[in-house]
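[1] one predicted model, sequence on top.
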Amino acid sequence: MEKPCGKLQCKKYMIRSTAVFDGVSDVPYPAAILVEDDRIRRMLPWDYVHAGSSSAECFSDTIEDIFSGNHLSDESPDAELADLPLYDYGDRLILPSFLDAHTHLFSAAAVASDFVCDTLGEGKSREECVSILKDFADHHPGQKRIRGTGWYTNNWSDKTLPDKRILDEAFPDRPVYLQCADCHSFWLNTRALEEAQIASLPEPEGGQFCRWENGELTGLLLEPEACAPATEKLMEFSDEEMREILTDYQRVLAENGVAAVSEMFAEDYSEETRHKYQILKQLDEEGKLVCNTYIYTELFGHTDFTDYFDMKEVVDSVHVAINGVKGFVDGVTETHTGMLLEPYENRPETCGEGVPLWPRERMEEEILAANRAGIQVRLHCIADGSVRMALDMYEKVQRAIGKDDQRNTIEHIENIHPDDIERFRELKVIPSMQPYHLTLSNNEKILQIGKGRCKYEWPVRSLLAAGGKMAFGSDTPVVTVNPFYTIYAAVTRKNDEGVQFSQNPWETVDMAAALKCYTSGAAYAYGKEREMGSLEAGKKANLIVLDRNLFEIPEEEIEETKVAVNYFEGQLVYEKAE
């Protein structure tokens, strides 16, 4: 991986390309961009200025001279601009930096580090997962815990849920904490169950400590509240380790052209949580962040948000902000904890086990209290039942408050009842979706909800056609933070091998729509559309240059696309080696 580049030494310069996608128009066009300090000052015609400096002398020593300076017009209507450094990117596509509307920053950074085995998704059975983990443990003998992520029963020929026995045989002495790819389950061995003291904890209100008929813990934890003790151990690092993890992950974000992420685990207001967020703030104050982070804290259990505003007071900095609250209405359909309107196809006795994960009456009170305090609410809703419940609750709260500008969102929406599609626009609720999850599903929703309801799985096109805003994200570490995989899934509805991978292939969107969801749509969801999300005068100079034009290449090349250059607030923070 390339390192982020040194910062620009000059404060005012111009860049241009014959293909600039500004996030407002639907097609790229030739343009020049005047950047001063951290802002876009003017958007100009491509040939507005004549030849300025085409050297890289205004850049730090790490920047190679990749700017051609060709195709410059002979005359300039603005002599002052003609004297500025001009960096010509030829026909490479320039567009706003990606804004990932849904991530779990701290766990994603940890998964990308040497502390966690992140290749369990390659396992096609529990045995293969254990073999991968053994190899990781052999190469990390000094780690007191074995941490892993990415296992997924949809990838296994035997799709039954795992238990502790195979882990106990392989790892009798070290605690093992394995997070499922969807982040809604944990697979532990006996030593981990003991270290996390699961047996002594009360049964969670939302989720489950799975047990055999004799009451013995199986080692499987379902849903975020039940997973919390294991998550705490997975993410238990020293301050110096966390600083290293977060700093290294900035390089990953820079390489992928991402200028905004979120922390969506809906954590509590404890001193431990506050301290963790303050580490990120310290890195920001030291100038080590090249990406904005928006944090969403715990909604459920709170109608008094004094702690929210107290935490905001001590955590917020230039690029870090407590931005809203989040709750989980349901789980996931893979474990039958997604909340359906009608019973599961393969479990006709249930519409979802243990759902909603929080009593509806309490959810309504807490959403109302948050919105009245001016706090945005984001709700995790996988299935059609939870989506409808969330829309109903938002509608009730809007009537009580008398306004509809809270920017409330519904996260995921993996299937929906068609009657609810128009309601997003009517209620001004933002659908926040992750199209690449369609491939993670591996068509298993057919077994869970049947082909009829699968006609409304990941209904990206239908929701966009109904009007309103939409935000795209990755949900990393559930899937890669690489935006081009999400874009590919959105415009093709195919898997990585190019195979049509849905029961509703008509739900594709065009390239312009996909890019807008990943830029201006996400900016709107974060409430930052005046600062970022498009290339317009006055906005932050967050822009990227790609190694190819997404509007011209064959669809099979979309996932191969790379960020060539990344500017964050006018500073060159990443350049791909030629």
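    Noted; the coordinates are in hand.
[2] would you confirm that Ala82 contacts Leu44?
    No. Using C-beta atoms under 8 Å, Ala82 is not in contact with Leu44; the gap is 11.8 Å. (C-beta placed from N, C-alpha, C; glycine too.)
[3] and the closest residue to Gly148 other than its chain neighbours, its phi and psi?
    What sits nearest to Gly148 in space, not counting adjacent residues and going by C-beta to C-beta, 6 or more residues apart in numbering, is Cys117, at 4.0 Å. When quoted as degrees, to the nearest 10, the phi and psi of Cys117 stand at phi -80, psi 110.
[4] Cys117 - how many residues pack around it?
    23 (other C-beta atoms under 10 Å).
[5] so where is the stretch 101-250 of the chain shaky, pLDDT-wise?
    Within the stretch 101-250 of the chain, not a single segment meets pLDDT under 70.
[6] residue ranges of the strands in it, please?
    In the stretch 101-250 of the chain, the strands defined using DSSP state E, counting those that start in this stretch lie at 146-151, 176-180, 185-188, 208-211, 217-222.
[7] between the ones you listed, which gets nearest to Val20?
    Among those, the nearest to Val20 by C-beta to C-beta is strand 146-151 (37.3 Å).
[8] output the contacting helices and strands for the closest one.
    Secondary-structure packing of strand 146-151 (3 or more C-beta pairs under 8 Å, 6 or more residues apart in numbering; DSSP states H and E): helix 105-111, helix 126-139, strand 176-180.
[9] mind exporting that strand as CSV, just the C-alpha atoms?
    Coordinates of each C-alpha in strand 146-151 appear next as CSV, following Å, rounded to 0.1, in the frame of the first residue of the first chain:
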residue,chain,number,x,y,z
ILE,A,146,-6.9,-14.6,19.1
ARG,A,147,-9.1,-12.2,17.2
GLY,A,148,-10.8,-12.9,13.9
THR,A,149,-13.6,-11.6,11.7
GLY,A,150,-15.4,-12.5,8.5
TRP,A,151,-16.8,-16.0,9.1
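[10] for burial, what's the neighbour tally of Val320?
    Look at Val320: counted by other C-beta under 10 Å, it has 24 neighbours.
[11] partner residues bridging it?
    Here Val320 sits in beta bridges with Thr293, going by DSSP bridges.
[12] hmm, it is touching Gln282, no?
    No. Between Val320 and Gln282 there is no contact under C-beta under 8 Å: 9.7 Å.
[13] can you give me the strands in the stretch 401-550 of the chain?
    For the stretch 401-550 of the chain, strands defined by DSSP E, counting those that start in this stretch occupy the ranges 409-412, 430-433, 471-472, 543-546.
[14] in the helix or strand bottoming out on mean pLDDT in the chain, which residues are buried?
    Here the helix or strand of the chain ranked lowest by mean pLDDT, DSSP states H and E is helix 79-82, holding a mean of 79. Neighbour-count burial for helix 79-82, counted by 16 or more other C-beta atoms under 10 Å, picks out 81-82.
[15] that helix packs against which elements?
    Packing partners of helix 79-82 (3+ C-beta pairs under 8 Å, 6+ apart): none among the helices and strands.
[16] now do the helix or strand just after that helix: distance to the chain's middle.
    Following helix 79-82 in sequence order, the next helix or strand is strand 86-88 (DSSP states H and E). Offset of strand 86-88 from its chain centre (C-alpha atoms, centre = their mean, to the nearest Å): 32 Å.
[17] so what strands line up beside strand 86-88?
    With DSSP bridges as the test, strand 86-88 is paired with strand 12-20 (parallel).
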